[in-house]
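Colleague: Give me a model of this one.
(one chain, ligands or ions: 2)
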Amino acid sequence: MRDVLISPSILSADFAKLGEEIRAIDKAGADMIHVDVMDGHFVPNLTFGPPVIEKLRHHSDKPFDVHLMIAPVDPFIDAFAAAGADILTVHPEAGPHLHRTLQAIRAAGMKPGVALNPGTHEDVIDPVIDDIDMILVMSVNPGFGGQSFIDSQLRKIEALRKKIDATGRKIILEVDGGLNPETAPKAIDAGVTAIVAGSAVFRGGPDRYAENIAALRGEMVS
Ligand code: DX5
Ligand code: ZN
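Modeller: Ligands and ions are numbered 1, 2, ... in the order given. Below is the predicted model of the structure:
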């Protein structure tokens, strides 16, 4: 199996001890930390914002892969940079000026990413592909962990793989939602280079994290 980055989503962690949970997934082999920010408006759920991320930042040196499910985005970009986000991913539907938002993320010192909902066409990427470092394919409708992988998104991943290869640049192609040891190989075959997983990483508690992360890579842990 190809090398793939694993980005555990702390949405499935124990919110009462997030710092401890981040240290545990870091030690268990996570490559990045996926942080889902929700505003109860762009998606029907609420999580947390920059002050919480700033506190969590001290618990790992791994990149913070911050997935914004908020609208608007622009007034908060500097706060996410100050909190320590490394990659800041936005949905095109979150505002009228995607290109401006991506430029502002870059200017604030972060890597810009674009997230595509299951109902959003991959061609939305075309005008901004040279301005981004990550494309995040949502394989569930955003808002909640523990949903089932939507198979039709595999064709979108294949199409995006071709678009990325044509640029000659190293853009991370990440998939988010319903990933587990059964669905991850399908996404990897379709061309992703990073996998987000919440429930499949955190199930079973800290003693299982290393085994759960390895299983997503297609490895066995004895
Ligand atoms: C959903 C979030 C995901 C979520 C994935 O809106 O973007 O990151 O935590 O959870 P699982 O892996 O449980 O589907
Ligand atoms: Zn996410």
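Colleague: Show me what the closest residue to ligand 2 within the chain is bridged to.
Modeller: Taking C-beta to the ion, ligand 2 has its nearest neighbour within the chain at residue 67, 3.7 Å off. Just so you know, the C-beta spots here come from the backbone N, C-alpha and C atoms, and that holds for glycine as well. Beta bridges link residue 67 to residue 36, residue 89, judged by DSSP bridges.
Colleague: repeat for residue 46
Modeller: residue 39.
Colleague: thinking again about what came up before, now do the residue of the chain closest to ligand 2 against residue 55, distance only.
Modeller: Going from residue 67 to residue 55 by C-beta to C-beta, to the nearest Å gives 18 Å.
Colleague: Over to residue 42?
Modeller: For residue 42, the distance to residue 55 - C-beta to C-beta - is 23 Å.
Colleague: Between these two, point out the one with more neighbours.
Modeller: The neighbour comparison of residue 42 against residue 55 (other C-beta atoms under 10 Å) goes to residue 42, with 19 against 14.
Colleague: With adjacent residues omitted, what lies nearest to the more buried one?
Modeller: Counting by C-beta to C-beta, 6 or more residues apart in numbering, residue 71 is the residue found nearest to residue 42 once chain neighbours are left out, at 4.4 Å.
Colleague: Residue 186 too?
Modeller: residue 154 (5.9 Å).
Colleague: can you map out the strands along the chain?
Modeller: All strands of the chain, identified by DSSP state E, fall at 5-8, 33-38, 64-69, 87-90, 111-116, 134-138, 172-176, 194-197.
Colleague: Just put those strands in a markdown table and tack on distance to residue 101 and mean pLDDT.
Modeller: Formatted as a markdown table, these follow (distance: least, C-beta to C-beta, whole Å; pLDDT from 0 to 100):
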| stretch | distance to residue 101 | mean pLDDT |
| --- | --- | --- |
| strand 5-8 | 21 | 98 |
| strand 33-38 | 15 | 99 |
| strand 64-69 | 10 | 99 |
| strand 87-90 | 6 | 99 |
| strand 111-116 | 8 | 99 |
| strand 134-138 | 14 | 99 |
| strand 172-176 | 18 | 99 |
| strand 194-197 | 21 | 98 |
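Colleague: Which positions in the protein make contact with ligand 1?
Modeller: 9, 11-12, 34, 36, 67, 140, 142-143, 145-147, 176-179, 196-200 (C-beta under 6 Å from any ligand atom).
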